[in-house]
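A.B. asks: Quick one: sequence and predicted model below, then my questions.
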Amino acid sequence: MLGILKPIQATVGGSIETMIEPEIVHRIEKILQSYAEQIERLQLAEEDFQDWFGPQLFYREVNHPRDYLLEMQHNLAQLKDADSPQRELILSEQLARQLSAFEQALRHHQSR
């Protein structure tokens, strides 16, 4: 999952700028939509994700599994608007960890 978020570098006016490719953003948006559909299909509630994620992974208060998706969507929006390569790297790594952990949790619930 980390590879999907690797920013590309472009030379603009002699300086190197990083940016996330639009097709990667679109792919992540589709993944998040898929997660939302799976939450509904599996009828998952907050208790189903209790103790799955630590506060270093998801910072928001969660009342429903969709709240995790809202945080990932927020991080994706911030990533698209990142104003420095360092910020972009931090956000892309955080989002990659969140996507990976959430996918693992969904797989667990699908196999039950």
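C.D. replies: Good, I have the coordinates. Numbering: from 1, shown residues only.

A.B. asks: List the buried residues of stretch 40-60.
C.D. replies: Buried residues in stretch 40-60, counted by 16 or more other CB atoms under 10 Å: 44, 48, 49, 52, 53, 58. C-betas here are computed from N, CA, C, even on glycine.

A.B. asks: Doesn't the fifth one belong to a helix?
C.D. replies: If I follow you right, that is residue 53. No: counting by DSSP: H, G, I helix; E, B strand; the rest coil, residue 53 is not part of a helix but coil.

A.B. asks: mind checking which helix or strand the residue lying closest to it once chain neighbours are set aside is in?
C.D. replies: Nearest residue to residue 53, sequence neighbours excluded (CB to CB, 6 or more residues apart in numbering): residue 101, at 6.0 Å. Element membership of residue 101, judged by DSSP states H and E, is helix 85-110.

A.B. asks: same deal with residue 39?
C.D. replies: Going by DSSP H and E, residue 39 is in helix 22-42.

A.B. asks: same for the next helix-or-strand element following that helix, what does it pack against?
C.D. replies: Per DSSP H and E, the first helix or strand lying C-terminal to helix 22-42 is helix 65-80. Judged by 3 or more CB pairs under 8 Å, 6 or more residues apart in numbering; DSSP states H and E, helix 65-80 is in contact with helix 22-42, helix 85-110.

A.B. asks: what sits up against helix 65-80?
C.D. replies: 5, 20, 25, 28-29, 32, 35-36, 39, 44-46, 48-49, 53, 58-62, 87-88, 91-92, 94-95, 98-99, 102 (CB atoms under 8 Å, 6 or more residues apart in numbering).
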